[in-house]
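Chemist: Generate coordinates for the sequence data below:
(chains A and B)
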Amino acid sequence: MEKAGNIIELVDVTLTGYGGKKIFENLNLNLPEGRTAVISGPTGAGKTQLLKLIIGDLSAESGSVFVFGQFVKINKHWQLAKIRKKIGGVGGAFRLISYQSVYENLLHPLILNKKPVSFQKNKIEQVLNRFDLIGKRNEKAGCLSQGEKIEAMLARAIIADQPLLLIDEPLAGVDDKIAEKIKLLLVRLSTAGHSMVILTSNPDRLGIPDSLNFRLENGRLV
Amino acid sequence: MSKFGYILRKFFGNIMGRPMAALGSILSLFLLFLLFNLVWITSLTVNNYYDKVISDIDIEVFLEDSIPDSIIIIIRETIGSLDGIESIDYISRDQASLKLKDIMGVDLLEGFENNPLPRSLIIAFEPNYLNSDNLNSLDRDLQRMAGVTDIYYPSRWLVKAEYTKLIVSDILILLGMVIAVAVILNTIQFIVLSARTRTEELVQLQLLGAAPGFLALPYIFEGIFYTLAASFAGWIIILYGVDLFSFRNVEIILPPSIEQFYFCLAGSLIGLIGGYLGIKREL
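Modeler: Model prediction:
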């Protein structure tokens, strides 16, 4: 099933958690291409579940999830892989592979998106420079600070020109100085026309200009 | 790095990154293959021994004293027209007496006035014809012929030898199936363990859009490598061992090289199945 128009479209999505608690009830979301949606809500509101629904890691009981116009179905592995290649993820389910170097972590999206070998090295160095991580090139991801990890994940999320970024709690566990730096990066990405969904429990701290702001309340986006 | 380069790198990384685990996997599979090889060689050797022994079997048909030579010629022609007969030799009383003397070393018939030994026909068979069913059927046909008094061949021994051959062959088939299942189960476990040391990587690569086939290939190659190495090592040891031992009466028969090659190929196929099932559980 295909649907043209929005980059993400959730139609009447219902999801029940453990113990029968409704996480989402007839939830709807439309994200046009090139726009940023900031979705806020307290801990336990279902922000991470929303991200999992979009990437096909969770299946809705009813309703439909469309990403890039494609109906997301959890058991269609090949189709999911095609959708996920176009998504850059930060936080939540998305993590760096701790025992691999920053360079190797950044290499994966380039390999999966079949970028030419000659292009890969230059691109990684270019992105590492942009995120001030060139000195951490060969360091194991597990040895990075929380701020550096988020920066490296952001770098990985855009390295293969992925058209959609899903970012879960980008400022969690970082001090104000690093938070400012990450905020600046997010603003730059947003103004550069990246389509983004940012999930946060503290939207005031982010302040992305011209973003679509939603709040998760009682299983719906308001 | 290309996708294929990445797959190869992960395959070698899985093995070189855990050398002791890889060695342990190959050794345990090697023992299973070695056991199968030993039973296979035993089966071939038993078959060869059986064929050799059975090729000496013939039927001796004893004739009535009273029948004239013309009837013996007819009997001989009738028997000669039956399937599977290679040759028929006529043994006269005098030839029988000489034969007995040769066997016993002394003339046991010295005190007899007349030679009491019967005339007989000795029937030799074509190699493919020799089995207990054919000989029993021939036995029945011969018994019905006029002028035939008795028939001798080692029928009980033949049945026992055939039974032994059948048992060894059945054991080989059964053991082959058990070993195939054991190799698949072992390979599944080795691949599951290998994949679990890289769970973090597998999960993240799936989220980044890696297709199941792309993630599975290094582990499938790993399964093939383990079984191929183990089956190959199984033959190397056998070939080395056969040179060290020799038996006086038994010639050890090895399968032809092409069958050894097919065996290693079949081992690899089992490794492929085990590798696929192992990684499928983890994806």
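Chemist: From here on, just use CA atoms for contacts and neighbour counts.
Modeler: Fine.
Chemist: measure stretch A:57-75 end to end?
Modeler: End-to-end distance of stretch A:57-75 (Cα to Cα, to the nearest Å): 9 Å.
Chemist: Grab the most central residue of chain A for me.
Modeler: residue A:166 (1.5 Å; Cα atoms, centre = their mean).
Chemist: Now it: which helix or strand?
Modeler: Here residue A:166, judged by DSSP states H and E, is contained in strand A:164-168.
Chemist: Counting by contacts, list what that strand packs against.
Modeler: Using 3 or more Cα pairs under 8 Å, 6 or more residues apart in numbering or on different chains; DSSP states H and E, the elements in contact with strand A:164-168 are helix A:47-54, strand A:87-90, strand A:195-200.
Chemist: could you point out which element follows that strand?
Modeler: That would be, after strand A:164-168 and using DSSP H and E, helix A:176-191.
Chemist: CA atoms only: put that next one into CSV for me.
Modeler: Provided in CSV are the C-alpha atoms of helix A:176-191 (Å, rounded to 0.1, in the frame of the first residue of the first chain):
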residue,chain,number,x,y,z
ASP,A,176,24.2,23.0,29.3
LYS,A,177,27.3,23.6,27.2
ILE,A,178,26.9,20.4,25.2
ALA,A,179,23.2,20.9,25.0
GLU,A,180,23.7,24.3,23.4
LYS,A,181,26.0,22.7,20.8
ILE,A,182,23.5,19.9,20.0
LYS,A,183,20.7,22.5,19.9
LEU,A,184,22.7,24.5,17.4
LEU,A,185,23.3,21.4,15.3
LEU,A,186,19.6,20.6,15.3
VAL,A,187,18.6,24.1,14.3
ARG,A,188,21.1,24.0,11.4
LEU,A,189,19.7,20.6,10.3
SER,A,190,16.2,21.9,10.5
THR,A,191,16.9,25.1,8.6
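Chemist: Show the average pLDDT along it.
Modeler: When pLDDT is averaged along helix A:176-191, the result is 85.
Chemist: Ok, stretch A:91-101 next?
Modeler: Here the average pLDDT along stretch A:91-101 is 90.
Chemist: for stretch B:212-228, same thing?
Modeler: Per-residue scores along stretch B:212-228 average to 92.
Chemist: Any part of that stretch near chain A?
Modeler: Yes. Applying Cα under 8 Å from any Cα of the partner chain, one finds stretch B:212-228 in contact with chain A at residue B:212.
Chemist: and that stretch, which residues are buried?
Modeler: B:212, B:214-228 (16 or more other Cα atoms under 10 Å in any protein chain shown).
Chemist: Hmm, residue A:62 and residue A:11 touching each other?
Modeler: No. In this structure, residue A:11 is not within contact of residue A:62 by Cα atoms under 8 Å, at 9.1 Å.
Chemist: if I look at the two, which residues touch both of them?
Modeler: Taking Cα atoms under 8 Å, 6 or more residues apart in numbering or on different chains as the contact criterion, no residue touches both residue A:11 and residue A:62.
Chemist: Which one's more surrounded, these two?
Modeler: For the pair residue A:11 and residue A:62, the greater number of neighbours falls to residue A:11 (16 against 13), based on other Cα atoms under 10 Å in any protein chain shown.
Chemist: Next SSE downstream of the helix or strand the more buried one falls within?
Modeler: In this structure, residue A:11 is located in strand A:8-16 according to DSSP H and E. Per DSSP H and E, the first helix or strand lying C-terminal to strand A:8-16 is strand A:22-31.
Chemist: Report the angle between that next one and strand A:8-16.
Modeler: Here strand A:22-31 points in a direction 180 degrees away from that of strand A:8-16 (axes from the mean of the first three to the mean of the last three Cα atoms, to 10 degrees).
Chemist: Quick one: list the elements packing against the lowest-mean-pLDDT helix or strand in chain A.
Modeler: One helix or strand of chain A scores below all others by mean pLDDT, DSSP states H and E: strand A:220-221, with a mean of 78. Strand A:220-221 is packed against strand A:22-31, with contacts defined by 3+ Cα pairs under 8 Å, 6+ apart.
Chemist: and the strand it packs on with strand A:195-200, angle?
Modeler: Using the same axes, to 10 degrees: strand A:22-31 against strand A:195-200 is 150 degrees.
Chemist: which helices and strands does the following helix or strand past strand A:22-31 pack with?
Modeler: Moving toward the C-terminus from strand A:22-31, the next helix or strand (DSSP H and E) is strand A:36-40. Judged by 3+ Cα pairs under 8 Å, 6+ apart, strand A:36-40 is in contact with strand A:195-200, strand A:212-217.
Chemist: so where is the chain shaky, pLDDT-wise?
Modeler: As the question left the chain open, I've gone with chain A. Low-confidence segments of chain A, defined by pLDDT under 70: A:1-5.
Chemist: my bad, the chain I had in mind was chain B
Modeler: Using pLDDT under 70, chain B drops low at B:248.
Chemist: quick one: the strands in it?
Modeler: B:58-63, B:85-91, B:120-125, B:148-152 (DSSP state E).
Chemist: want to try TSV for those strands, with distance to residue B:167 as columns?
Modeler: Below are the strands of chain B laid out as TSV (distance: least, Cα to Cα, whole Å):
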stretch	distance to residue B:167
strand B:58-63	24
strand B:85-91	28
strand B:120-125	25
strand B:148-152	26
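Chemist: out of those, nearest to chain A?
Modeler: Nearest of the strands of chain B to chain A, taken as Cα to the nearest Cα: strand B:120-125 at 65.1 Å.
Chemist: List the pairing partners of the closest one within its sheet, with orientation.
Modeler: Within its sheet, strand B:120-125 is paired with strand B:58-63 (antiparallel), strand B:85-91 (antiparallel), according to DSSP bridges.
Chemist: Out of those strands, indicate the one that is most buried.
Modeler: strand B:58-63 (a mean of 20; mean count of other Cα atoms under 10 Å in any protein chain shown).
Chemist: Contact residues of chain A facing chain B?
Modeler: Neighbours of chain B within chain A, by Cα under 8 Å from any Cα: A:55, A:77-78, A:80-89, A:94-97, A:108-109, A:111-112, A:114, A:116-117, A:120.
Chemist: Just the ones of the residues you listed in strands?
Modeler: With DSSP E as the criterion, strands contain A:87, A:88, A:89 from among those.
Chemist: Name the nearest residue to the first one, sequence neighbours excluded.
Modeler: Distances taken as Cα to Cα, 6 or more residues apart in numbering or on different chains place residue A:164 nearest to residue A:87, at 4.9 Å, with adjacent residues excluded.
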